[in-house]
Every structure is written in structure tokens, then in C-alpha cells.
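coords please:
(2 chains)
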Amino acid sequence: MKSFADKARYGRADRSMMGRWFWEVDKVLLLMIAMLIGIGLIAVAAASPAGARRLSGGAVKVPELYFFYRQIAWITLSIPIMLFISMMNRDMARRLSLVGAGVAFVALLLVPFIGSETNGAQRWIDLGISRFQPSEFLKPFYVVALAWLFSLKDKGLPTGLISAAMFGAVAVLLMAQPDFGSTIIFGAVWAGMFALAGANMRLLGAMGVAALVGIILAYFFYDVAQTRIDAFLFGEGDNFQTQNAMRTLTAGGLFGMGPGAGRFKFTLPEPHTDYIFSVIGEEFGLIACLVIALLYLGIMARVLVRLLDEEDPFAILAASGLAMMFGLQAFINMAVNVQIAPSKGMTLPFISYGGSSMLALSIMIGLLLAFTRANPYLNRSPYVVKWSGS
Amino acid sequence: MNAPMPNLVAKPERLRLVGQKRKLLAMMHQRLMLVLILFAGAILLVAGRIGWLAAFGDSSSERAGVGAFVPARGDIIDREGEALARTIDAWSIAVQPPKVIGNKLDLARKLAEIMPDRDEGQYYELLSSDRNFIYLSRRASPRLVERVNALGEPGIQLMREPDRLYPQTALAAHVIGYTDVDGNGVAGAERAFDEWLTDPSRRAEPVQLSISSRIQQALKAELAHAMEKYSAIGAAGVIMDIHTGEILAMTSLPQLNPNVAGEGSADARFNRASLGVYELGSTFKPFTVAMAMDEGIVKSFSQMYPCPKKLTIGKRTIGDTHPFGRACSVAEIMQESSNVGTAQIALQLGAKRQEEYLRKMGFLDRLGHELPERGRTLYPRDWSEIATATVGYGHGIAVTPLHLATGYATLLNGGLYRKPTILKVGPGHPAAKGERVFSEDTSYKMRALLRMVVTHGTGRKAEAKGYRVGGKTGTAEKLVNGRYSRQLVVNSFAGVFPMDEPRYVAVVMLDEPKGTKETFGFRTAGWNVAPVVSGTISRIAPMLGVRPDESREPELDSVLPYLYENKD
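Numbering: from 1, shown residues only, chains lettered A, B, ... in the order given. Sure thing, here's the model as predicted:
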């Protein structure tokens, strides 16, 4: 108990929001997120000239590092938001999420009416300074809302049905845009959380079959899905872009061509967003790609393993749901880049350029940090006396 | 002992709930680990794929047939596999004026020093222009690139771009052709096989031409030497395999360097051998004799014709260089290349049959080879009597030297016409099926006649010791302003060797050669082109595997007895 008392002298008694946050936040997770953001900045700097050159032409001239500077601006805006949210206690975080989920859902509803269209999909709402994508903001709030719903199970609510209805509503709106990739993510995270909340394994199996059927239906009814899946499975159609992506990814070999020395990146359609992983491959090498993939795994592992010490079902569901959403998006993007999955418009969390997605991700990680906050001296081990007096 | 002891006063209901909660948490924790395992598996999949790519490289491009070593444009190689055209990564130097940081005057001075093709003022003008991007040098040498790089000016861009390299420079330039700046074939094989060369699924395999660099080089050297010696304005040569129709060498002088095709004059770009049409004169005479023999008009070389000094047909009068003024045999007509004699044979044959033969031999159409440069032949519109007579000795009909080579191949390969080809004949490209023009017997008899021209006639200087050359000279006056010029001639020689078992035909042509002291002022083919054939055959026969053998000769008994001068 002596050492414990000693620690207390270094600010443990500080009960301010900041002070408590500092002791309770998962610093390893925070460090890994910071690393990811750092890597992302370097990658955006590398990809920015390629993206800028693609947009330039004729009278329009986009500065080479346009996306880099904008990314810095978005990061300076997003990080404080992330830290602020991570300081909230669970009740505050839950309330924020429920309100946020409502607002984002309404925004998503409005997209078909006031949204702006790019590349044949209507996903954005233009706010003048920047466009924001309601589905991005819905992601974290949706997860927390679902977690809250599932945690109400012992109150006798038909949580499974309500959550299915929630997902269904979101899925219909997303497919109307159409945004096949996001639908899959929302669906997978919902299924994952449902499973964690104690769903019957047989039911989950049935859902898996239904998902497969859904994908096959999408293949037949959505042209975009069909052309992309065709291109991936049979290598037919216009696979010029995926070929370029592959050439870019492998051009650097193990150690890369060196920062700024990439050549194939200029052939990519979306070098600074969807295909930034390939740009990293060309300029920093496949080893850098491997490190990034392992970093995402590290984040997932850190969150999930730490949740073993957590006893609040709501926190477990919320944190694991947020982590799944984050990890799944990263996996799909990387899988598209290394071409083990057909191409989808999906960004690499914290590495791809994107203002609204950076902001949404910060909210997501802010919430994740808030839900994984725990007294480092408080765990389930029966050999440690519970510290809180409750 | 471990978990906090349940409160003894708790209601059973609450106890049950605590138990349920424990169970739920245990299940959640279990499934959390399941999620982690799934995710770890997914990341492992990505990592494995990255490892696969690191080890085996880009697989997607293989699917499309584009590997690391497949050039953007296929190679062209000769029949021995020597590279004739390749695609290399060349350097280009460009400047982006708005990005220039250093002092522009200073930079202009340094650039003028390194690349003197523009002066300082011009460089300064370029550097201060408001254009975004200007090429300073394309296909720059690595040394030049290094020096420009050493200037350290960020406004100067050093870039790599695929470029076409012709490692043999001017050799076979007209056959290979060249590409434009954008890499599209615009002439020769580059244009003929453009689709093949750029097709992603085929371009890995080079286009193998029938040309042999070594034979091409020998032909070109001999022709260039003669062209210079006799101050000719141009020259052309074709060497062909008479059995397959493969063009082993085809040269047209003056040449151009396809590496800098733009610098070549229009004259140099013109392919005299396959695009240029000429009245090739007496080299046609053997065809007339063969046609007549095939039709049974000439039964043997001993057949006699009256050969006056002048022969008048309609309004035109025909004369000879060496007039006979007496009756002469067919052998003598060939020996001395008599127009008067040949005209009579042609008249016996008649316009209809003559035209028919010429058509079968391909002389009335563009040749069906692969190159885009295919000359359209000129021939009489109304095949009158005089036309028949003149066509019989090669006037009034203009064909390409390649036509002539094809004609001699037909004449001596047993009588079969085959389209010439520029691609190497092999399993992937079999020789064309021949169409019969002359009987085998006629073809066989022509060996002796043509051999005699070289041993005893106008073609003596074409003899290459031991290689049994046979052939025919041709000196044709050029049409200048609608009249035949006495001064300007086109000399040609069609040679075939070895004459006892004909394999190769060599046609050479000199455009407007002048007389020299050595030729005693003569401009006839026997004096200037025949030696080219001799020299060329002496050089190429060993490469083609023809052994020099003075003991072998075709059977000459059918001709030699009928030569007057030989009767002694």
C-alpha cells in the first residue's frame, strides 16, 4: 500500500477532468493512434502531389501540397475534439452519441434531397467550407447507440429486433446513395455487436447466409457492385485502375523508392484517399505497409484484450463496436489495395486524406478512448482489493 | 472467497441476476477474443498478401501480359536474332520556367554551355516565357543528363520516357522503318506490324524479320561503294531466297538513320527497292524468252531470228547497242542483249499472252508483301503491237526492283510465283504456296541461258569465282520530260546463284550512274552494276552456306554451241 500512497502524491488526488483523464486514459492506445496520425500525415504529403496533379489542368492549378496542408488543418481541428470527447465520462459520452446518432440519421435522410453528387454517388452534404458525409458521422454514434440498446436487454426489450430495424433503416438509406461499402461495414459491425451481446449462434449463422444472399442480390441489382465484382473475379472490364494500383504498390519493393520519388502514384485515380496504401507501398516499401497493417492489429488487440477486464456490458459493447468499425474499415481498404477484395470507395482510417472522415474518426476514437478509460489500478483480479468504495 | 461474498440478505431474484450477469460477461469476453482472432486472421491475410507481392511481385500485370521485361513496344529482330529495333528508357530534359529558382541569366549561360544547340539568348527567352513546360532535349545522353542535374536547378525536370532505339543505325532502315514521336509506326516494318508490336498479349514476342543484318550490310556496302564511284543519285538492292520468297536483304540508298528519322531528306526516306518503280530494261528479256519457250514458240536456244540493225514496228524504230545485221540464235540474242531479237520473240508471243504472264508474275499489281511501301507498277494502257515489243525488252513497263527479284525467283525456282515476305519463314509463318507460271522444264533451261550471259555475254563482270553466278544486265534510259534521255540511265542487274541449283536472287540497281575513266566512259550495266553483284555474292555466299566450287556448272551444251563468236 505504500507505493500506492506514493503514487497518489503525484496527482492522483487531482479530481479535475484533465487530471482524471490523464490517469485513466489508455496511453498505449493513444500512442498508437498518434503514430497512425503521424504516418498518415507523411503519407498524405507523399500522395498529395499526385492527387493535386490529377485535379489540376487547364486554368485550375492545385498546389502540390494542397491536400497536405488541408490535412494539417483538419488534424489541428480534430485532435482537440478527440481529446475532449475522450475526457467525457460514460454517461456523457452515451448522451452525446444518442443525440449525435439522431442528428446524423436525419442528415442521412436529407442526403437524397440536398446532397451533392460525385462519381455517380450522392453521399455528401455541402456546407460551403467543406462537404461532410453524414454516414461517416453516423458510424461512431450508431455503434454507441446500438451498444446502449443491447445493454438494455435485461429490461425485457426485444433488442435484437430493434437493432435490426435500426440497421435496416440505415442500410436502405445507404444503398439509395448508393454506398455498398458502408452498408457492409454497418451490417458487419451490427452483426458483431449482436453476437457479443449474446445472440444465438444459430441465428448468427442464418444472418451470415442472409448477408451472402444480400451481396449476391446486390451483384445482380447494383451496376456498380456488379462491374466491380466482375472486374475483381474475372479480371474483365476496365481494370486499368486496379492494375495501376498494383503496379504502384509493388513498384517500391521492400524498402520503397524513397519519399517523393514515386512515379506510378501519378497514375492512380484517388492517390490521397482510397489508394494511399499503394502510394505508401511505392514510396516507403512493402515493409512500411506491413507495419501499418500490424499497427491496426495492435490497436484492435489492445482494445479487445483490455476489455477482458471490463465488467460493464455497455462499455464492452460500445468499445468493441467502435474498434470493430475502425478495424474493419482499415482491413477493407488494405484488402482492396493488395487486391484480395474488389475495389470500394473506402478510406484508410487516419491515413487517408479527408476532412469529414478525419473529424468523424476523431469522434470515433474519442469515444473509444472514453469507453476504455479505466483506473489502471482497478482490475478484476481477485487478489487486488477493490479501490472504489462502492 | 474470491468474488465478493453475496449479501446474505439479498433477494433470490437478485442473486439470479448476478449469476446471469457473470455468465453473460464470460460469454462476451469469450466472443471478444473470437473477434480478435478473426481480425488477426484478416490482418494476417493482408500481411501474407504483402509478403507474396514482395516475393513474387506484381501479379495483376502478368494477367494482362505486361511483365517487368515486356517492352512498351515489341522488339524487331533479324533472322539471326540480332536486334534491329528496341525500346529503351531514354532521358529527356525539360524546364518548367515558373519553377526556376536560380538566376535565369546565369542558368541560360550554363545551359548554352552544356547544350550548345541553342544560344544563351534563346535559353533566356525560354526560361522567361510563361509556358509551363518546355522540352530542352529529348533522348539525352546520360552524360548530358548528369551535367544538367549538376546545375541543381529544381525548375529543370529530368524524366525517363520510353524511346525507340535502332542499334544498327541506318542498316536496313527502309525495311525497319521508324516511329513518330508518340511511338506509332509510320514506315516500314514498324508500321506494318504496329498492331503486333503494341498488342499487350503479343509484344513480348519480337517480330522476326527475314532480313539478315550481315547480308544486308554486305549488300549495302557494295552498293554504296558503286553509288559513290559512279556518282549515281540513288541505288537499290534486293537479295531474296527464291524458294521461300524471303527478303534476306533490301537496301535503298541514300539511307536514313531511323534514330533521327526527322533529319533524313524526303529522298532518303524513299524506299527505292519496294516503292520506286523503274523501267528496268534488258533484265526483262529472259522473261520474254521463258514465256515463248513455255508457249512452244521458242523450242530451243538454237532457234534463229533475223536480226537487222534496225527494226521498224508501226511508227517506231528499234535499234541495238551491238547490232548484228544478220540472222542470230536466241542464245546470241541474250548474249548481246538484242532488243531487235527480243522484240520479234515478244511479237510472236502476242500482247494477250504477254499480259497474262506478266500478271501471273505479279508485275501488274502492287506486290503482296507486308511493308506498307508497295510501289504501283506502270504498264501500257492499250497493249498495242509496239507496246508488246518494248515490254518484251523491259521498256514501257515500270516495276520495283523487288518485283524484278520476285520475277527472277519465279523464273528459276521451278516456275512458281510466291509473294515475297519480310517475315522469317518458319513454323509460325510458313512459306507461301507457289502458283505455277512457267513449267519446270522452262525454268530448268533458263539456268544455262542466264549462266551463259555471265560467262560469255554482257554480264561477265558479275562473275564471282566459284559461285556460278547467272543473270542479266539491264540498261534503261530514263524518261525525261516524256523522252528517253541518252545521258540519264537506270542500270540494273538481276543475278541468281549458284546457277547449277539456284537458291538466291540478287537484284541491284543504280539510278543515274555516270561514266568513269575505268569504264571507258560507258554507263552500261555490264560496267557498273555487274561488279556490285560480283562483290556482293563473293561476300554473302559464304554466309549463306554456298561453297565455292569451280567444278560445278549447269549444263551449258544447250547454249554454248549456238554462240557465233564461240564457234571457233
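
Check the secondary structure at the closest residue to B:Met227 other than its chain neighbours for me.
Excluding the flanking residues, the one nearest B:Met227 by CB to CB, 6 or more residues apart in numbering or on different chains is B:Ala235, at 4.3 Å. C-beta: built from backbone N, CA, C; applies to glycine. Here B:Ala235 is recorded as strand under DSSP: H, G, I helix; E, B strand; the rest coil.

ok, B:Ala235 to B:His225 distance?
10 Å (CB to CB, to the nearest Å).

higher neighbour count, the two?
Between B:Ala235 and B:His225, B:Ala235 has the larger neighbour count (other CB atoms under 10 Å in any protein chain shown), namely 32 against 14.

Which residues does that one form beta bridges with?
B:Leu253, B:Leu510 (DSSP bridges).

right, and it touches B:Phe493 too?
No. Using CB atoms under 8 Å as the test, B:Ala235 is too far from B:Phe493 to be in contact (11.6 Å).

Can you check which residues contact both of those two?
Jointly contacting B:Ala235 and B:Phe493 under the rule CB atoms under 8 Å, 6 or more residues apart in numbering or on different chains are B:Val508, B:Met509.

Need the residue closest to the centroid of chain B.
Taking CA atoms, centre = their mean, the centroid of chain B lies closest to B:Val175, which sits 2.0 Å from it.

what sits against it?
B:Gly188, B:Ala189, B:Leu209, B:Ile211, B:Gln216, B:Ile247, B:Met250, B:Leu371, B:Ile422.

rerun that using 7 Å as the cut-off
B:Gly188, B:Ala189, B:Leu209, B:Ile211, B:Met250, B:Ile422 (CB atoms under 7 Å, 6 or more residues apart in numbering or on different chains).

biggest helix in chain A by residues?
helix A:27-55 (DSSP state H).

Does anything pack onto it? Which helices or strands?
helix A:66-87, helix A:276-284, helix A:286-306, helix A:355-372 (3 or more CB pairs under 7 Å, 6 or more residues apart in numbering or on different chains; DSSP states H and E).

what's the following helix or strand after the first one?
Put plainly, it is helix A:66-87. helix A:90-114 (DSSP states H and E).

which residues of the chain score low on pLDDT?
No chain in the question, so chain A it is. Along chain A, segments meeting pLDDT under 70 span A:1-15, A:57-59, A:117-121, A:127-130, A:224-225, A:228, A:231-240, A:375-390.

Oops, wrong one, chain B.
In chain B, residues with pLDDT under 70: B:1-14, B:57-70, B:481-482, B:521, B:565-568.

What lies in contact with the host helix or strand of B:Ala409?
Under the criterion of DSSP H and E, B:Ala409 resides in helix B:401-412. By CB under 7 Å, 6+ apart, the residues outside helix B:401-412 that reach it are B:236, B:238, B:240, B:242, B:245, B:250, B:272-274, B:280, B:283, B:286-287, B:290, B:361-363, B:367, B:377, B:416-418, B:420, B:437-438, B:443, B:446-447, B:492, B:494, B:496, B:502, B:505, B:507, B:509.

quick one: contacts of the helix or strand hosting B:Ala327?
Assigned by DSSP H and E, B:Ala327 belongs to strand B:326-329. Residues outside strand B:326-329 that contact it (CB under 7 Å, 6+ apart) are B:Phe301, B:Ser302, B:Gln303, B:Met304, B:Tyr305, B:Pro306, B:Cys307, B:Ser338, B:Gly341, B:Tyr562.
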